[in-house]
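Visitor: Here is my input; please provide its structure:
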Amino acid sequence: MIDVPYPQKIRSFVRRAGRITGGQTRAFEDLGPRYLVPYQEMPLDLASLFPPTDGAAKPIVLEIGFGMGEATAAIAATLPQTNFLCCEVHEPGVGALLKRIGEQTLSNIRIIAHDAVEVIDHMLPLQSLDGAHIFFPDPWHKKRHNKRRLIQSPLIAKLAARLKPGGYLHCATDWQPYAEQILEVLTAEPLLQNSVAGDSPDGGYAPKPDYRPLTKFENRGIKLGHGVWDIIFKRRLIQQPLIAKLAARLKPGGYLHCATDWQPYAEQILEVLSAEPLLQNTVDASSPDGGYAPKPDYRPLTKFENRGIRLGHGVWDIVFKRV
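Guide: I've put the predicted structure just below:
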C-alpha cells in the first residue's frame with residue numbers, strides 16, 4: 001500500500017480567498033435560513049432535516065466539498081428522489097450553490113458550511129447515510145504534501161461506519177497517483193467492497209455513472225487527453241448483527257443462500273455465517289471446496305456471471321441451514 005503518513009488532524013478543505021458576489025449575498029439572505037444547517041457537536045436529526053414526503057423517507061447522500069456547486073445542483077436535479085447533505089467551507093461556493101438552488105427550484109439540498117471531517121465526527125449517526133460523494137478532492141501533487149490528502153484510512157473508516165449496509169461511497173479524481181491511493185485505501189477498509197471486480201480490465205475503477213455530470217474543468221481535461229477515475233465502493237450487507245436477526249426468523253431446517261463473485265467477500269460471508277450458532281453449513285468445511293456449496297440448480301447464471309466465467313472469474317455459493 002502507498003505509504004502516506006496520516007497527520008494528527010486533517011481537514012476536508014483548504015481556505016481559499018474569494019470574493020462573494022452580490023447575487024451570492026442575496027442568496028445567503030433569502031435562502032440561507034431554509035437551506036443552511038448550523039454546525040453542532042451533537043447528532044443531527046436527519047428525518048426532521050428532510051421530512052418524508054408521500055409517507056416515505058428518501059435516500060440521503062453526503063457530499064464533501066462541492067466547490068461552486070455546479071455538479072451538485074445538476075446531480076440533485078437529476079435525482080429528485082434523493083436528498084443531499086453538502087459540506088463546503090468556501091463562502092463564495094456556498095453562496096453559488098444557494099443561488100443555483102433558487103434558480104433551479106431545488107428542494108432536496110441542505111448545506112453545512114463547516115469542515116466535513118468534524119461534521120462526520122459529531123453530527124452524523126452510525127449507519128445513517130445511503131451514499132457519499134467526494135468528487136475531485138485536492139490531490140496535493142507534491143510528495144511532501146501527500147499527507148494532507150483527504151482520502152486516507154482514518155477518515156474512510158469513519159465514513160464507512162456511517163453508511164447503511166448497501167450504501168455507497170463514490171470518489172472521483174483526475175490525478176492518477178491519487179486514484180491509485182484511493183483505490184488502495186478503500187480496498188483495505190473491511191466494511192467496504194468494490195462495486196467492480198479488482199481483476200476487471202479497468203483495474204477496479206468504475207465507469208462514470210450517468211448521474212455524475214461532466215464539469216467544464218473535466219471536459220477541458222478530456223480534450224487535453226487527461227484521464228478521470230471513478231472509484232465506487234459499497235458498504236457490505238452481510239455482517240453478524242444482520243445474520244443473527246435473519247437466522248432467528250428462519251424455520252428449523254430453513255436455509256440461507258448467499259452468492260458473490262468477490263472472493264474476499266465470500267471468505268467474510270463464510271466466516272460470519274459459521275460464527276452464527278443458529279446456522280450450520282450444508283457443506284463440510286473440510287471439503288475440497290473449503291465450505292463453499294455447488295451452485296444449486298434453481299439459481300440461474302446471469303449475463304454478468306456468464307461474462308465473468310468467460311473471463312476466468314470465480315463465483316462462490318454459501319448455503320447454511322437453521323439448526
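
Visitor: how many neighbours does Pro207 have?
Guide: Neighbour count for Pro207, taken as other CB atoms under 10 Å: 9. C-beta here means a position set from N, CA and C on the backbone, and glycine is covered the same way.

Visitor: Mind checking what secondary structure the closest residue in space to Leu301 that isn't next to it in sequence has?
Guide: Distances taken as CB to CB, 6 or more residues apart in numbering place Ile309 nearest to Leu301, at 7.5 Å, with adjacent residues excluded. Following DSSP: H, G, I helix; E, B strand; the rest coil, we place Ile309 in the helix state.

Visitor: wait, doesn't Ile309 sit right on Lys303?
Guide: No - the criterion here is CB atoms under 8 Å, and Ile309 misses it with Lys303 at 10.9 Å.

Visitor: Look up phi and psi at Ala171.
Guide: Careful, residue 171 is Cys; it's not Ala. Per-residue torsions, Cys171: phi -120, psi 150 (degrees, to the nearest 10).

Visitor: gap between it and Cys87?
Guide: Cys171 sits 15 Å away from Cys87, taking CB to CB, to the nearest Å as the criterion.

Visitor: repeat for Arg322
Guide: Distance from Arg322 to Cys87, by CB to CB: 44 Å.

Visitor: Settle it for me: which of those two has more neighbours?
Guide: The residue with more neighbours, out of Arg322 and Cys87, is Cys87; 25 against 18, by other CB under 10 Å.

Visitor: In contact with the spatially closest residue to Pro52 that is not a sequence neighbour: list those residues for me.
Guide: Distances taken as CB to CB, 6+ apart place Lys58 nearest to Pro52, at 7.4 Å, with adjacent residues excluded. Listed by CB atoms under 8 Å, 6 or more residues apart in numbering, the contact set of Lys58 reads 50, 52, 81-83, 108.

Visitor: Looking at those, which one is closest to Phe135?
Guide: Nearest to Phe135, judged by CB to CB, of the contacts of Lys58 is Thr82 at 15.4 Å.

Visitor: how about that closest one, what does it touch?
Guide: Thr82 is in contact with 58-61, 76, 108, 130-131, counting by CB under 8 Å, 6+ apart.

Visitor: Let me have those in a markdown table, extended by distance to His313 and secondary structure.
Guide: What follows is these, written out as a markdown table (distance: CB to CB, whole Å; DSSP: H, G, I helix; E, B strand; the rest coil):
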| residue | distance to His313 | secondary structure |
| --- | --- | --- |
| Lys58 | 35 | coil |
| Pro59 | 30 | coil |
| Ile60 | 33 | strand |
| Val61 | 30 | strand |
| Ala76 | 36 | helix |
| Asn108 | 38 | coil |
| Asp130 | 28 | strand |
| Gly131 | 26 | strand |
